[in-house]
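**Q** using only what follows, build the 3D model:
(one chain, ligands or ions: 1)
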Amino acid sequence: MSEPTAETVRERLRSIAAPGGETDIVSAGMVSDIFIAKGKVFFSLTVPAEVADRLEPLRKAAEDSVRTIPGVEKATVALTAERKGGQAAAPQRTAAGAAPASKPAPAGRQTIAVPGIKAIVAIASGKGGVGKSTTAVNLALALQQNGLAVGILDADVYGPSIPRLLGLSGKPEMADDKLIRPMENYGLKAMSMGFMVEEDTPMVWRGPMVTQALTQMLRGVAWGELDMLIVDMPPGTGDVQLSLAQQVPMAGAVIVSTPQDLALLDARKGLNMFRKVEVPVLGIVENMSVFVCPDCGSAHSIFGHGGARDEAEKLGVPFLGEVPLQMAIRETSDAGTPVLVSDPDGKESSFYRQIATRLSEEVQRQDETAGEGPSIVFE
Ligand SMILES: Nc1ncnc2c1ncn2[C@@H]1O[C@H](COP(=O)(O)OP(=O)(O)OP(=O)(O)O)[C@@H](O)[C@H]1O
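**A** Numbering: from 1, shown residues only. The predicted model follows:
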(Lines give C-alpha, C1' and ligand atoms only; values in the text may rest on other atoms or scores of the structure.)
Protein backbone atom coordinates (compact mmCIF):
# COMPACT_ATOMS: atom_id res chain seq x y z
CA MET A 1 0.00 0.00 0.00
CA SER A 2 1.32 3.43 -0.87
CA GLU A 3 2.51 5.76 1.87
CA PRO A 4 -0.09 8.36 2.90
CA THR A 5 0.92 11.95 2.25
CA ALA A 6 0.95 14.88 4.66
CA GLU A 7 -1.78 16.44 2.52
CA THR A 8 -4.05 13.39 2.99
CA VAL A 9 -3.49 13.61 6.74
CA ARG A 10 -4.18 17.33 6.75
CA GLU A 11 -7.41 16.82 4.76
CA ARG A 12 -8.58 14.21 7.25
CA LEU A 13 -7.86 16.55 10.15
CA ARG A 14 -10.16 19.16 8.64
CA SER A 15 -13.04 17.05 9.94
CA ILE A 16 -12.04 17.82 13.54
CA ALA A 17 -13.42 20.97 15.11
CA ALA A 18 -11.09 23.37 16.87
CA PRO A 19 -11.91 24.34 20.47
CA GLY A 20 -14.78 26.84 20.29
CA GLY A 21 -16.28 25.00 17.33
CA GLU A 22 -16.06 27.83 14.81
CA THR A 23 -13.49 26.26 12.56
CA ASP A 24 -11.46 23.07 12.17
CA ILE A 25 -8.04 22.38 13.68
CA VAL A 26 -6.23 22.79 10.35
CA SER A 27 -7.84 26.12 9.47
CA ALA A 28 -7.16 27.28 13.04
CA GLY A 29 -3.45 26.72 12.40
CA MET A 30 -3.12 24.21 15.21
CA VAL A 31 -1.49 21.41 13.21
CA SER A 32 2.32 21.36 13.05
CA ASP A 33 4.44 19.96 10.21
CA ILE A 34 3.45 16.36 9.60
CA PHE A 35 6.18 13.73 9.48
CA ILE A 36 5.46 10.34 7.94
CA ALA A 37 7.84 7.38 8.03
CA LYS A 38 6.89 3.88 6.95
CA GLY A 39 3.21 4.35 7.72
CA LYS A 40 3.87 6.07 11.04
CA VAL A 41 2.52 9.60 11.31
CA PHE A 42 3.77 12.19 13.79
CA PHE A 43 2.59 15.73 14.39
CA SER A 44 1.62 18.06 17.17
CA LEU A 45 -1.36 20.27 17.91
CA THR A 46 -0.62 23.69 19.32
CA VAL A 47 -3.22 24.70 21.87
CA PRO A 48 -3.62 27.60 24.30
CA ALA A 49 -1.61 26.89 27.46
CA GLU A 50 -4.48 27.68 29.81
CA VAL A 51 -6.74 24.94 28.37
CA ALA A 52 -4.05 22.41 27.41
CA ASP A 53 -4.88 20.02 30.23
CA ARG A 54 -8.51 19.75 29.06
CA LEU A 55 -7.68 18.94 25.46
CA GLU A 56 -6.61 15.31 25.74
CA PRO A 57 -9.88 14.22 23.99
CA LEU A 58 -8.96 16.46 21.05
CA ARG A 59 -5.50 14.89 20.81
CA LYS A 60 -7.02 11.43 20.92
CA ALA A 61 -9.65 12.30 18.31
CA ALA A 62 -6.91 13.51 15.96
CA GLU A 63 -4.90 10.35 16.52
CA ASP A 64 -7.89 8.04 16.01
CA SER A 65 -9.00 9.87 12.92
CA VAL A 66 -5.57 9.72 11.25
CA ARG A 67 -5.19 6.06 12.13
CA THR A 68 -8.17 5.18 9.90
CA ILE A 69 -6.45 6.55 6.77
CA PRO A 70 -5.44 3.65 4.51
CA GLY A 71 -1.69 3.04 4.79
CA VAL A 72 -1.37 4.57 8.27
CA GLU A 73 -0.05 2.03 10.74
CA LYS A 74 0.36 4.32 13.66
CA ALA A 75 -0.33 7.93 14.56
CA THR A 76 1.41 9.84 17.35
CA VAL A 77 -0.03 13.22 18.20
CA ALA A 78 1.41 15.48 20.88
CA LEU A 79 -0.24 18.50 22.43
CA THR A 80 1.95 21.57 22.59
CA ALA A 81 0.97 24.70 24.44
CA GLU A 82 1.88 28.11 23.19
CA ARG A 83 2.81 30.81 25.62
CA LYS A 84 2.66 34.35 24.29
CA GLY A 85 5.39 36.79 25.30
CA GLY A 86 4.63 38.48 28.60
CA GLN A 87 2.57 35.63 30.01
CA ALA A 88 3.68 33.93 33.16
CA ALA A 89 6.05 31.06 32.62
CA ALA A 90 4.87 27.54 33.20
CA PRO A 91 5.99 26.25 36.58
CA GLN A 92 9.49 24.81 36.34
CA ARG A 93 11.19 22.30 38.55
CA THR A 94 14.41 23.79 39.83
CA ALA A 95 17.66 21.93 39.73
CA ALA A 96 21.18 23.15 40.09
CA GLY A 97 22.47 24.52 36.85
CA ALA A 98 19.51 23.43 34.73
CA ALA A 99 17.70 25.80 32.45
CA PRO A 100 14.28 25.51 30.87
CA ALA A 101 14.17 24.03 27.38
CA SER A 102 11.67 26.58 26.22
CA LYS A 103 13.74 29.32 24.71
CA PRO A 104 12.71 32.09 22.42
CA ALA A 105 12.66 30.74 18.92
CA PRO A 106 15.25 32.40 16.70
CA ALA A 107 13.91 34.86 14.17
CA GLY A 108 11.80 33.35 11.43
CA ARG A 109 11.76 29.88 12.95
CA GLN A 110 9.29 28.33 15.31
CA THR A 111 10.46 25.45 17.41
CA ILE A 112 8.50 23.44 19.90
CA ALA A 113 9.99 22.14 23.12
CA VAL A 114 9.86 18.49 24.13
CA PRO A 115 7.61 17.98 27.16
CA GLY A 116 9.50 17.56 30.42
CA ILE A 117 12.93 18.35 28.98
CA LYS A 118 14.40 21.58 30.27
CA ALA A 119 17.57 21.89 28.20
CA ILE A 120 18.73 20.16 25.04
CA VAL A 121 22.47 20.29 24.48
CA ALA A 122 24.15 18.96 21.31
CA ILE A 123 27.64 17.50 21.48
CA ALA A 124 29.18 18.05 18.07
CA SER A 125 32.48 17.87 16.24
CA GLY A 126 33.66 19.12 12.89
CA LYS A 127 35.10 15.72 11.98
CA GLY A 128 34.87 12.10 13.09
CA GLY A 129 37.00 10.25 15.58
CA VAL A 130 37.79 13.14 17.93
CA GLY A 131 36.09 11.42 20.88
CA LYS A 132 32.73 13.13 20.62
CA SER A 133 30.67 10.11 21.73
CA THR A 134 33.06 9.28 24.58
CA THR A 135 32.83 12.88 25.73
CA ALA A 136 29.03 12.91 25.39
CA VAL A 137 28.55 9.79 27.54
CA ASN A 138 31.02 10.77 30.24
CA LEU A 139 29.69 14.31 30.32
CA ALA A 140 26.11 13.04 30.68
CA LEU A 141 27.19 10.83 33.60
CA ALA A 142 29.14 13.70 35.15
CA LEU A 143 26.12 16.01 34.91
CA GLN A 144 24.10 13.29 36.61
CA GLN A 145 26.67 12.98 39.37
CA ASN A 146 26.42 16.76 39.73
CA GLY A 147 22.75 16.20 40.64
CA LEU A 148 20.84 16.63 37.38
CA ALA A 149 18.32 14.28 35.76
CA VAL A 150 19.96 13.51 32.43
CA GLY A 151 19.17 11.60 29.25
CA ILE A 152 21.27 10.91 26.20
CA LEU A 153 20.07 10.73 22.62
CA ASP A 154 22.35 9.17 20.05
CA ALA A 155 21.59 11.16 16.92
CA ASP A 156 24.62 9.75 15.16
CA VAL A 157 22.40 7.84 12.76
CA TYR A 158 25.40 6.96 10.61
CA GLY A 159 27.42 5.27 13.34
CA PRO A 160 25.55 5.03 16.64
CA SER A 161 27.92 4.15 19.46
CA ILE A 162 26.01 5.05 22.64
CA PRO A 163 24.58 1.51 23.19
CA ARG A 164 28.11 0.09 23.15
CA LEU A 165 29.52 2.83 25.37
CA LEU A 166 26.75 2.34 27.94
CA GLY A 167 26.83 -1.46 27.74
CA LEU A 168 23.24 -1.57 26.50
CA SER A 169 21.75 -4.16 24.18
CA GLY A 170 18.32 -5.35 23.13
CA LYS A 171 15.48 -3.24 21.91
CA PRO A 172 13.44 -0.61 23.69
CA GLU A 173 9.84 -1.46 24.44
CA MET A 174 6.69 0.35 23.52
CA ALA A 175 4.70 1.60 26.50
CA ASP A 176 0.91 1.65 26.80
CA ASP A 177 0.86 5.32 25.96
CA LYS A 178 2.46 4.39 22.62
CA LEU A 179 5.67 6.10 23.53
CA ILE A 180 8.94 4.20 23.31
CA ARG A 181 10.46 3.52 26.71
CA PRO A 182 14.06 4.72 26.69
CA MET A 183 16.69 2.14 27.62
CA GLU A 184 18.54 2.84 30.84
CA ASN A 185 21.88 2.07 32.39
CA TYR A 186 23.85 3.73 35.20
CA GLY A 187 20.73 5.85 35.85
CA LEU A 188 21.00 7.42 32.41
CA LYS A 189 18.03 7.23 30.06
CA ALA A 190 19.28 6.56 26.56
CA MET A 191 17.83 6.34 23.10
CA SER A 192 19.75 5.50 19.98
CA MET A 193 19.25 4.57 16.41
CA GLY A 194 21.50 1.68 17.37
CA PHE A 195 18.57 0.18 19.30
CA MET A 196 16.42 0.25 16.21
CA VAL A 197 18.79 -1.33 13.72
CA GLU A 198 21.20 -4.24 13.81
CA GLU A 199 24.81 -3.18 14.38
CA ASP A 200 25.99 -4.33 10.96
CA THR A 201 23.13 -2.79 9.00
CA PRO A 202 24.49 -0.27 6.53
CA MET A 203 22.56 2.93 7.04
CA VAL A 204 21.95 5.19 4.15
CA TRP A 205 19.88 7.88 5.77
CA ARG A 206 18.72 10.55 3.44
CA GLY A 207 17.69 13.98 4.64
CA PRO A 208 13.98 13.36 5.18
CA MET A 209 14.61 10.04 6.91
CA VAL A 210 16.97 11.73 9.34
CA THR A 211 14.32 14.29 10.22
CA GLN A 212 11.74 11.62 10.89
CA ALA A 213 14.12 9.47 12.91
CA LEU A 214 15.03 12.47 15.05
CA THR A 215 11.39 13.45 15.55
CA GLN A 216 10.60 9.97 16.74
CA MET A 217 13.55 9.88 19.12
CA LEU A 218 12.72 13.30 20.54
CA ARG A 219 8.95 13.24 20.68
CA GLY A 220 8.05 9.55 20.52
CA VAL A 221 10.12 8.58 23.58
CA ALA A 222 8.92 8.65 27.20
CA TRP A 223 11.85 10.73 28.45
CA GLY A 224 9.99 11.86 31.57
CA GLU A 225 11.33 14.87 33.47
CA LEU A 226 14.88 15.71 32.45
CA ASP A 227 17.05 18.65 33.40
CA MET A 228 19.22 18.04 30.38
CA LEU A 229 19.11 15.90 27.27
CA ILE A 230 22.56 15.41 25.77
CA VAL A 231 22.44 14.78 22.03
CA ASP A 232 25.41 13.00 20.48
CA MET A 233 25.49 14.43 16.96
CA PRO A 234 26.96 12.79 13.87
CA PRO A 235 30.36 14.27 12.97
CA GLY A 236 30.49 17.17 10.57
CA THR A 237 27.87 19.59 9.49
CA GLY A 238 24.84 18.12 7.86
CA ASP A 239 21.16 17.31 7.83
CA VAL A 240 20.94 16.14 11.42
CA GLN A 241 22.41 19.35 12.82
CA LEU A 242 20.02 21.47 10.79
CA SER A 243 17.07 19.23 11.49
CA LEU A 244 17.65 19.32 15.24
CA ALA A 245 17.99 23.10 15.24
CA GLN A 246 14.77 23.40 13.28
CA GLN A 247 12.79 20.99 15.41
CA VAL A 248 13.50 21.91 19.01
CA PRO A 249 14.63 24.96 20.96
CA MET A 250 18.18 24.09 21.92
CA ALA A 251 20.08 25.38 24.91
CA GLY A 252 23.17 25.18 22.75
CA ALA A 253 25.99 23.10 21.31
CA VAL A 254 29.35 21.95 22.64
CA ILE A 255 32.13 21.44 20.10
CA VAL A 256 34.61 18.66 20.84
CA SER A 257 38.00 19.01 19.19
CA THR A 258 41.45 17.47 19.38
CA PRO A 259 44.35 19.88 19.57
CA GLN A 260 45.53 19.31 16.02
CA ASP A 261 45.14 22.31 13.77
CA LEU A 262 43.30 20.36 11.14
CA ALA A 263 40.67 19.26 13.60
CA LEU A 264 40.36 22.83 14.76
CA LEU A 265 39.69 24.03 11.26
CA ASP A 266 36.91 21.47 11.15
CA ALA A 267 35.70 22.54 14.57
CA ARG A 268 35.43 26.08 13.24
CA LYS A 269 33.13 24.83 10.47
CA GLY A 270 30.93 23.15 13.07
CA LEU A 271 30.84 26.30 15.10
CA ASN A 272 29.88 28.47 12.14
CA MET A 273 27.09 26.12 11.22
CA PHE A 274 25.50 26.32 14.65
CA ARG A 275 25.82 30.07 14.59
CA LYS A 276 24.08 30.19 11.22
CA VAL A 277 21.09 28.33 12.59
CA GLU A 278 21.15 30.54 15.70
CA VAL A 279 22.04 27.80 18.15
CA PRO A 280 24.34 29.24 20.84
CA VAL A 281 27.76 27.61 21.05
CA LEU A 282 28.18 26.86 24.75
CA GLY A 283 31.87 26.15 24.42
CA ILE A 284 34.73 24.03 23.15
CA VAL A 285 36.15 20.91 24.82
CA GLU A 286 39.70 19.86 23.98
CA ASN A 287 39.83 16.08 23.95
CA MET A 288 43.08 14.09 23.98
CA SER A 289 44.77 17.32 25.02
CA VAL A 290 47.92 15.64 26.31
CA PHE A 291 49.07 12.04 26.26
CA VAL A 292 49.40 10.57 29.75
CA CYS A 293 51.94 7.75 29.85
CA PRO A 294 50.19 4.67 31.29
CA ASP A 295 53.46 3.50 32.92
CA CYS A 296 54.86 6.59 34.59
CA GLY A 297 51.83 8.92 34.54
CA SER A 298 53.81 11.76 32.97
CA ALA A 299 51.96 14.04 30.52
CA HIS A 300 53.27 14.72 27.02
CA SER A 301 51.94 17.42 24.72
CA ILE A 302 52.38 15.36 21.60
CA PHE A 303 49.56 17.04 19.71
CA GLY A 304 50.27 20.68 20.34
CA HIS A 305 48.27 21.06 23.53
CA GLY A 306 46.34 24.27 24.05
CA GLY A 307 45.14 24.73 20.47
CA ALA A 308 41.50 24.50 21.40
CA ARG A 309 41.84 26.94 24.30
CA ASP A 310 43.55 29.52 22.06
CA GLU A 311 41.03 28.92 19.30
CA ALA A 312 38.10 29.33 21.68
CA GLU A 313 39.52 32.65 22.79
CA LYS A 314 39.98 33.82 19.21
CA LEU A 315 36.46 32.76 18.30
CA GLY A 316 34.97 34.35 21.38
CA VAL A 317 33.41 31.16 22.76
CA PRO A 318 33.94 29.71 26.24
CA PHE A 319 36.61 27.06 26.74
CA LEU A 320 34.90 24.38 28.81
CA GLY A 321 37.95 22.29 29.62
CA GLU A 322 40.22 19.51 28.48
CA VAL A 323 40.46 15.75 28.76
CA PRO A 324 43.85 14.05 28.35
CA LEU A 325 44.39 10.97 26.22
CA GLN A 326 44.38 8.22 28.79
CA MET A 327 44.21 4.52 28.17
CA ALA A 328 41.73 4.15 31.05
CA ILE A 329 39.24 6.30 29.16
CA ARG A 330 39.51 4.18 26.03
CA GLU A 331 39.46 0.84 27.83
CA THR A 332 36.49 1.64 30.04
CA SER A 333 34.53 3.01 27.07
CA ASP A 334 35.23 -0.11 25.04
CA ALA A 335 34.08 -2.25 27.96
CA GLY A 336 30.76 -0.41 28.24
CA THR A 337 31.59 0.92 31.71
CA PRO A 338 32.54 4.58 31.16
CA VAL A 339 35.19 5.96 33.47
CA LEU A 340 32.57 7.99 35.40
CA VAL A 341 31.03 4.65 36.38
CA SER A 342 34.11 2.45 36.74
CA ASP A 343 36.17 5.00 38.65
CA PRO A 344 33.96 7.95 39.61
CA ASP A 345 36.50 9.36 42.08
CA GLY A 346 39.50 8.93 39.81
CA LYS A 347 41.46 11.69 38.11
CA GLU A 348 39.95 11.02 34.67
CA SER A 349 36.43 11.45 36.02
CA SER A 350 37.31 14.78 37.61
CA PHE A 351 38.09 16.26 34.16
CA TYR A 352 34.59 15.45 32.95
CA ARG A 353 32.95 16.69 36.15
CA GLN A 354 34.69 20.04 35.83
CA ILE A 355 33.54 20.36 32.23
CA ALA A 356 30.01 19.39 33.32
CA THR A 357 30.00 22.17 35.90
CA ARG A 358 31.22 24.73 33.35
CA LEU A 359 28.60 23.50 30.88
CA SER A 360 25.76 23.88 33.40
CA GLU A 361 26.95 27.43 34.08
CA GLU A 362 26.96 28.25 30.37
CA VAL A 363 23.46 26.81 29.89
CA GLN A 364 22.27 28.91 32.78
CA ARG A 365 24.02 32.00 31.41
CA GLN A 366 22.55 31.52 27.93
CA ASP A 367 19.13 31.20 29.45
CA GLU A 368 19.51 34.38 31.46
CA THR A 369 20.81 36.39 28.51
CA ALA A 370 18.22 35.08 26.04
CA GLY A 371 16.10 37.99 24.89
CA GLU A 372 12.47 38.51 25.73
CA GLY A 373 10.24 37.20 23.03
CA PRO A 374 7.44 34.81 22.27
CA SER A 375 8.21 31.34 23.44
CA ILE A 376 6.60 27.99 23.15
CA VAL A 377 6.16 25.64 26.07
CA PHE A 378 4.95 22.12 26.35
CA GLU A 379 2.50 21.65 29.18
N1 LIG B 1 40.34 11.15 26.18
C2 LIG B 1 40.49 9.98 25.59
N3 LIG B 1 41.53 9.15 25.93
C4 LIG B 1 41.71 7.97 25.30
N5 LIG B 1 40.93 7.52 24.33
C6 LIG B 1 39.89 8.27 23.95
C7 LIG B 1 39.60 9.53 24.56
N8 LIG B 1 38.50 10.06 23.97
C9 LIG B 1 38.10 9.16 23.06
N10 LIG B 1 38.93 8.10 23.03
C11 LIG B 1 38.86 6.92 22.13
O12 LIG B 1 38.93 7.41 20.80
C13 LIG B 1 38.11 6.62 19.94
C14 LIG B 1 37.12 7.52 19.21
O15 LIG B 1 36.22 8.04 20.17
P16 LIG B 1 34.67 8.27 19.87
O17 LIG B 1 34.05 7.05 19.25
O18 LIG B 1 34.09 8.81 21.11
O19 LIG B 1 34.84 9.40 18.77
P20 LIG B 1 33.74 10.11 17.88
O21 LIG B 1 34.27 11.46 17.63
O22 LIG B 1 32.40 10.00 18.51
O23 LIG B 1 33.83 9.22 16.63
P24 LIG B 1 32.76 9.11 15.44
O25 LIG B 1 32.88 10.36 14.71
O26 LIG B 1 33.29 7.91 14.67
O27 LIG B 1 31.43 8.88 16.05
C28 LIG B 1 37.48 5.56 20.82
O29 LIG B 1 38.21 4.37 20.75
C30 LIG B 1 37.57 6.16 22.24
O31 LIG B 1 37.64 5.16 23.24
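**Q** can you give the strand pairings for the host helix or strand of D227, parallel or anti for each?
**A** Using DSSP states H and E, D227 sits in strand 226-232. Note on strand 226-232: by DSSP bridges, its sheet partners are strand 117-124 (parallel), strand 150-154 (parallel).
**Q** tell me the mean pLDDT for the last one?
**A** Averaged over strand 150-154, pLDDT sits at 96.
**Q** kindly report the same for stretch 6-13.
**A** 94.
**Q** and the contacts of it?
**A** Applying CB atoms under 8 Å, 6 or more residues apart in numbering, the contact partners of stretch 6-13 are 24-26, 31, 33-34, 36, 41, 43, 62, 65-66, 68-69, 72. From N, CA and C alone the C-beta is placed, and that goes for glycine too.
**Q** now it: how far from the chain's centre is it?
**A** Distance, stretch centre to chain centre, for stretch 6-13: 29 Å (CA atoms, centre = their mean, to the nearest Å).
**Q** still on that earlier bit, give me the contacts around the strand holding D227.
**A** The set of residues that contact strand 226-232 without belonging to it, under CB under 8 Å, 6+ apart, is 93, 95, 97-98, 101, 114, 116-123, 132-133, 136-137, 139-140, 143, 148-156, 161-162, 189, 223, 244, 251, 363.
**Q** one more: stretch 213-222?
**A** Outside stretch 213-222, the residues within contact range by CB under 8 Å, 6+ apart are 35, 37, 40, 42, 44, 76, 78, 114, 153, 155, 157, 172, 175, 177, 179-182, 191-193, 196, 205, 240, 243-244, 247-248.
**Q** what do you get for stretch 138-150?
**A** Applying CB under 8 Å, 6+ apart, the external contacts of stretch 138-150 come out as 95-98, 123, 151-152, 186-189, 224-230, 254, 323, 329, 338-341, 344, 349, 352-353, 355-357, 359-360.
**Q** now V277: how far from G346?
**A** V277 sits 37 Å away from G346, taking CB to CB, to the nearest Å as the criterion.
**Q** coming back round to it: can you turn the buried part of the contacts of strand 226-232 into a PyMOL selection?
**A** In PyMOL, this line selects whichever of these come out buried by 16 or more other CB atoms under 10 Å:
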select buried, resi 95+97+98+101+114+116+117+118+119+120+121+122+123+132+133+136+137+139+140+143+148+149+150+151+152+153+154+155+156+161+162+189+223+244+251+363
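**Q** also near the ligand: which of the contacts of strand 226-232, exactly?
**A** 132-133, 156, 161 (CB under 6 Å from any ligand atom).
**Q** my guess is Q326 meets S350, correct?
**A** No. Contact criterion CB atoms under 8 Å: Q326 and S350 do not qualify, at 11.9 Å.
**Q** more crowded one of these two?
**A** Just comparing Q326 and S350: by other CB atoms under 10 Å the higher neighbour count belongs to Q326, 22 against 13.
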